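K.L.:
Got a predicted structure plus its sequence, pasted below:
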Amino acid sequence: MSWAVVPGADESAPNPGGAGPILDLADVRKVYATGAAQVEALRGVSLTVDPGEYVAVMGPSGSGKSTLMHILGCLDIPSEGSYRLAGEDVGAMTEAQLADVRNRRIGFVFQQFNLLPSLSAWRNVELPLCYAGVPRQERRARAIQALERVGLADRVDHRPGELSGGQQQRVAVARALVTDPALLLADEPTGNLDSHSTADVLGLFAELHVQGRTIVLITHEHDVAARAGRVVHILDGQVAEDEPAAAVSR
Ligand code: ADP
């Protein structure tokens, strides 16, 4: 899996080409200040993920999973500690570079699908390409190709309301994949799905993993985590356990 260097990034960085970990968090802390109160959501998290790994992040509500995901997805920055993405120091990136990383290098999948209800499936999927300035004809072709990859070739003109929950999440996965990102971040992607659709979406993730995609998925369900290769347990803002998925007690 190649990882293009972020425009303007330091090409003399130790790992500009993508060898070594794709994600490297070192002693990351995140403090939220709300009025006079401070919440330390992450309290010294160190974590490395190699290219092609499929990692589940588990932990009780309030343990810091979403905060961790926001930092991994460059939606937020650590208060302390460092985060290197494919060898590049995220803390040293400009806002424009961060936006570029979010748009082109990372695909996001959320529990609520986050699709625009008035747009057809392919129009939803082309959105990241619009932001990236890709020409219209190419956008449509790539959006339809992404929908074919998730098994929705016959639903490209359907709106979200005309699709099942599992199909909507497949559209969201197609949207996450349309820019061909090296990293897929998913926050409770099966949280709103019935068991049939959950199996459907997890099957899709397994295929993407086999194809070499790096996947980090937040879940509170053991069955979902068991499909990953590795499970990282977060407790009170710290990594409590980091183990192969097969070792997870059910
Ligand atoms: P999880 O995803 O595991 O439920 P979160 O990362 O959402 O956990 O939250 C971790 C802690 O940080 C919680 O105590 C939460 O209340 C707090 N927190 C999360 N986001 C914010 C925020 N934007 N402002 C203040 N506190 C926050």
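P.N.:
That came through, no problem. Since the model is a prediction, treat every value here as computed from it, not as a measurement. Numbers count the residues shown, from 1 in each chain.

K.L.:
Tell me which residue lies nearest the centroid of the protein.
P.N.:
By C-alpha atoms, centre = their mean, the mean C-alpha position of the chain lies nearest to residue 185, the distance being 1.0 Å.

K.L.:
touching the ligand at all, the helix or strand hosting it?
P.N.:
Using DSSP states H and E, residue 185 falls within strand 183-187. No. Strand 183-187 lies apart from the ligand when judged by C-beta under 6 Å from any ligand atom; the minimum separation is 8.1 Å. Glycine gets a C-beta too; all of them are placed from N, C-alpha and C.

K.L.:
So which elements touch that strand?
P.N.:
helix 65-72, strand 106-110, helix 165-177, helix 195-210, strand 214-218 (3 or more C-beta pairs under 8 Å, 6 or more residues apart in numbering; DSSP states H and E).

K.L.:
I'd like the next helix or strand past the last one.
P.N.:
Following strand 214-218 in sequence order, the next helix or strand is helix 222-225 (DSSP H and E).

K.L.:
Using CSV, write down the CA coordinates of that following helix.
P.N.:
What follows is helix 222-225, C-alpha atoms only, in CSV (Å, rounded to 0.1, in the frame of the first residue of the first chain):
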residue,chain,number,x,y,z
HIS,A,222,-17.0,-8.6,21.3
ASP,A,223,-18.4,-10.3,18.2
VAL,A,224,-17.3,-7.3,16.0
ALA,A,225,-13.9,-7.0,17.7
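
K.L.:
and the helix or strand just after it with the ligand, contact?
P.N.:
Next along the chain after helix 222-225, taking DSSP H and E as the criterion, comes strand 230-235. No. Under the criterion of C-beta under 6 Å from any ligand atom, strand 230-235 makes no contact with the ligand; the nearest approach is 6.6 Å.

K.L.:
Can you list the buried residues in strand 230-235?
P.N.:
Using 16 or more other C-beta atoms under 10 Å as the test for burial, strand 230-235 gives 230-234.

K.L.:
same thing with stretch 30-48?
P.N.:
So, applying 16+ other C-beta under 10 Å, buried residues of stretch 30-48: 30, 41-42, 45, 47.

K.L.:
can you redo the buried residues of strand 230-235 as JSON lines with pLDDT and distance to residue 96?
P.N.:
Shown next, in JSON lines, are the buried residues of strand 230-235 (pLDDT from 0 to 100; distance: C-beta to C-beta, whole Å):
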{"residue": "230", "pLDDT": "96", "distance to residue 96": "33"}
{"residue": "231", "pLDDT": "97", "distance to residue 96": "35"}
{"residue": "232", "pLDDT": "97", "distance to residue 96": "31"}
{"residue": "233", "pLDDT": "96", "distance to residue 96": "35"}
{"residue": "234", "pLDDT": "97", "distance to residue 96": "31"}
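
K.L.:
Identify the bridge partners of residue 57.
P.N.:
Beta-bridge pairing of residue 57 under DSSP bridges involves residue 218, residue 232.

K.L.:
For residue 241, see how far away it is.
P.N.:
For residue 57, the distance to residue 241 (C-beta to C-beta, to the nearest Å) stands at 11 Å.
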